[in-house]
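**Student:** return a 3D structure for these sequence lines:
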Amino acid sequence: MYKLNLFWVLLVLTLFSWGSWYIILHNISPIQSELYAFISFYSSSFLAITFTVSLLFSLLWKMIIPTKSSYICLKNGIRFGMIVGLLSIIALIFQQNNALGQMEILTMIALGVLIEIINIINTK
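**Tutor:** Numbers count the residues shown, from 1 in each chain. You can find the predicted model right below:
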């Protein structure tokens, strides 16, 4: 896994996206407009969550099934990271509008699990 360039690219992107999220969150950003602040906050949050989950789940895939190629494990991790990142941004939007409750959380978890099950079934 560590021999692939994509793994190291994902690691650098993860560190860079968390750094940009930290800068935007603590209002160190040179962007002064409220519209740009929301867009940059949500985009940096999406990228940070996506890259982090992608790295963790690609390593988890490789740990669970060590016979799979590292490229397949990275591909599966990136797919799951994008799903979790998208659902997290949807949860942030619901939370901003004070509309995040238990049913919405359960619905988003069920949606994420169903998407992943469909992807796993289609790859076989």
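
**Student:** in the chain, which spans are helices?
**Tutor:** Taking DSSP state H as the criterion, the chain contains helices spanning 5-25, 34-64, 70-96, 102-123.

**Student:** export those helices as JSON lines, with columns for mean neighbour count and mean pLDDT.
**Tutor:** No exception for glycine: its C-beta is placed from N, CA and C like everyone else's. What follows is the helices of the chain, written out as JSON lines (neighbours: other C-beta atoms under 10 Å; pLDDT from 0 to 100):
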{"stretch": "helix 5-25", "mean neighbour count": "15", "mean pLDDT": "91"}
{"stretch": "helix 34-64", "mean neighbour count": "18", "mean pLDDT": "89"}
{"stretch": "helix 70-96", "mean neighbour count": "18", "mean pLDDT": "90"}
{"stretch": "helix 102-123", "mean neighbour count": "12", "mean pLDDT": "87"}
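
**Student:** so the most centrally placed residue in the chain versus I78, what's the distance?
**Tutor:** Nearest residue to the geometric centre of the chain (C-alpha atoms, centre = their mean): T50, 1.8 Å. Distance of T50 to I78, given as C-beta to C-beta, to the nearest Å: 8 Å.

**Student:** show me the contacts for W18.
**Tutor:** Applying C-beta atoms under 8 Å, 6 or more residues apart in numbering, we find W18 in contact with 48, 52.

**Student:** please redo it, this time with the cut-off set to 6 Å
**Tutor:** A48 (C-beta atoms under 6 Å, 6 or more residues apart in numbering).
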